[in-house]
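Chemist: below is the structure, and that's it, no one-letter string:
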Ligand code: SF4
Ligand code: SF4
Ligand code: FES
């Protein structure tokens, strides 16, 4: 199978370039396996990965123009020549390794932890099954960044617009029956930038390897804001 | 409430004006399809009808507001340079307000002239 991968080492290369490789495809081979095979051919080739099963979220790459998690992308589904680039819009550290710090900064800004104001009970804070169901489709995010780096609004305003990942997380805590800081969280999302740069383009939904729907989550937050201001 | 700050308000304004614009366009299309005005007099009579006149003025107001929010969104997205954005916002705002007064003049002056 033919691959073209993005290469750039800021210490030695003037400009990024694309390099061709041929990898023998095997049954059930995932893109991560192919990248590892490429690394066997040229050990200077760099990319991130760890768990190999879509859990850690470290191997988001842009494949034939679409952001994907390499370890859960069967190569058999990809059109040849497979073109692999780093996630778009992020500064390249080397080859497919990008600097995601801005993405994580936005994640931190939504204060992704439970805020419980009442005195904590002796045991755990219980939740009804119905209340727990509300978190489905919100908590599964592995922070791979495929969504936010596919979002045009995040490309243009990455320091002001929180991006689909952080907004999905904001919604996850707003929907949690154990969280008691909804007002504060909504106030923190006010203004024209943090949430309202989203124009419901839905690139995020299209690429999420976990099948999550940040656009819907953003809509849920908007509905809450609307309810609160009427 | 602080939350009704520019983000939510602009977003809501955009949806509400869009609703009115869509409704008015449907009315216009139906009206001009089934009874298109034959001459200048008929046109004037159409605008003279207070319901049409008010609807038309409301249409202009909503169209301008809708355009304002839309252009503002585009500038927020694509023009990060603050002074340039401010200048463009000012320019667009001026143009839209000018359009508003101009259409007011077109619609209202003949009316007033006839009343006196
Ligand atoms: S729906 Fe919103 S968050 Fe998702 S890609 Fe589009 S603009 Fe970005
Ligand atoms: S929402 Fe999906 S695409 Fe976005 S970071 Fe989470 S898992 Fe990745
Ligand atoms: S290697 Fe962990 S998600 Fe792909």
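Modeler: Everything's here; your move. As the structure is a prediction and not an experimental result, all values here were calculated from the model. Ligands and ions are numbered 1, 2, ... in the order given.
Chemist: what does stretch A:182-189 rub up against?
Modeler: A:109-111, A:115, A:162, A:167, A:170, A:173-174, A:179, A:194-195, A:221, A:224-225, A:228, B:2-3 (CB atoms under 8 Å, 6 or more residues apart in numbering or on different chains). C-betas here are computed from N, CA, C, even on glycine.
Chemist: give me that answer again for 10 Å
Modeler: A:109-111, A:115, A:117, A:162, A:166-167, A:170-171, A:173-176, A:179, A:181, A:194-196, A:218, A:221-222, A:224-225, A:227-229, B:1-3, B:5, B:7-8 (CB atoms under 10 Å, 6 or more residues apart in numbering or on different chains).
Chemist: the host helix or strand of residue B:42: how far from the chain's middle?
Modeler: Assigning secondary structure by DSSP states H and E places residue B:42 in helix B:40-48. Taking CA atoms, centre = their mean, to the nearest Å, the mean C-alpha location of helix B:40-48 is offset from the chain mean by 20 Å.
Chemist: tell me which other helices or strands that helix touches.
Modeler: helix B:50-78, helix B:82-115 (3 or more CB pairs under 10 Å, 6 or more residues apart in numbering or on different chains; DSSP states H and E).
Chemist: where among those is average confidence lowest?
Modeler: When these are ranked by mean pLDDT, helix B:82-115 comes last with a mean of 89.
Chemist: quick one: buried residues of stretch B:89-101?
Modeler: Within stretch B:89-101, the residues that qualify as buried are B:89, B:92, B:100, counting by 16 or more other CB atoms under 10 Å in any protein chain shown.
Chemist: ugh, wrong one, stretch A:23-35
Modeler: A:23, A:29, A:30, A:31, A:32, A:33, A:34, A:35.
Chemist: cool, stretch A:83-91 as well?
Modeler: A:83, A:84, A:85, A:86, A:87, A:89, A:90.
Chemist: where does the closest residue to the fifth one other than its chain neighbours sit: helix, strand or coil?
Modeler: Spelled out, it's residue A:87. Excluding the flanking residues, the one nearest residue A:87 by CB to CB, 6 or more residues apart in numbering or on different chains is residue A:149, at 4.1 Å. Taking DSSP: H, G, I helix; E, B strand; the rest coil as the rule, one finds residue A:149 in the helix state.
Chemist: for the residue located most distally from the centre of chain B, give its distance to residue B:75.
Modeler: Most distant from the centre of chain B: residue B:81, at 28.3 Å, with distances by CA atoms, centre = their mean. Noted for residue B:81: a distance of 10 Å to residue B:75, by CB to CB, to the nearest Å.
Chemist: in what helix or strand does the residue of chain A found nearest chain B lie?
Modeler: Residue of chain A nearest chain B, by CB to the nearest CB: residue A:196 (3.7 Å). Counting by DSSP H and E, no helix or strand carries residue A:196.
Chemist: surely it and residue A:190 touch.
Modeler: Yes. If you go by CB atoms under 10 Å, residue A:196 and residue A:190 touch, sitting 8.9 Å apart.
Chemist: returning to that earlier point: point out the most buried one among the helices and strands packed on helix B:40-48.
Modeler: helix B:50-78 (a mean of 16; mean count of other CB atoms under 10 Å in any protein chain shown).
Chemist: that one near ligand 1 anywhere?
Modeler: No. Helix B:50-78 does not reach ligand 1 (CB under 6 Å from any ligand atom); its nearest approach is 9.8 Å.
Chemist: ok, now which ones touch residue A:4?
Modeler: Residue A:4 touches A:18, A:19, A:20, A:21, A:80, A:81, A:82, A:83, A:84, A:85, counting by CB under 10 Å, 6+ apart.
Chemist: one more time with 7 Å
Modeler: A:18, A:19, A:20, A:81, A:83 (CB atoms under 7 Å, 6 or more residues apart in numbering or on different chains).
Chemist: please check those residues and keep the buried ones.
Modeler: Using 16+ other CB under 10 Å, the buried ones in the contacts of residue A:4 are residue A:83.
Chemist: does the residue of chain A most remote from its centre belong to a helix, a strand or coil?
Modeler: Largest separation from the mean C-alpha position in chain A: residue A:122, at 36.1 Å (CA atoms, centre = their mean). Under three-state DSSP, residue A:122 falls in the coil class.
Chemist: contact partners for residue B:66?
Modeler: So residue B:66 contacts B:14, B:17, B:18, B:21 (CB under 7 Å, 6+ apart).
Chemist: which of those count as buried?
Modeler: For the contacts of residue B:66, buried by 16+ other CB under 10 Å: B:14, B:17.
Chemist: closest to chain A out of the contacts of residue B:66?
Modeler: residue B:14 (10.0 Å).
Chemist: dihedrals phi and psi, residue A:210?
Modeler: Main-chain dihedrals, residue A:210, degrees, to the nearest 10: phi -100, psi 0.
Chemist: what's the closest non-adjacent residue to it?
Modeler: The nearest residue in space to residue A:210 (CB to CB, 6+ apart) is residue A:140, at 4.9 Å.
Chemist: now swap in residue A:106 and tell me
Modeler: In space, residue A:106 is closest to residue A:166, 4.3 Å off (CB to CB, 6+ apart).
Chemist: name the SS class of that neighbour, please.
Modeler: Going by three-state DSSP: residue A:166 is helix.
Chemist: tell me who's in contact with it.
Modeler: A:106, A:107, A:109, A:110.
Chemist: can you tell me how far residue A:53 is from residue A:142?
Modeler: Taken as CB to CB, the span from residue A:53 to residue A:142 is 10 Å.
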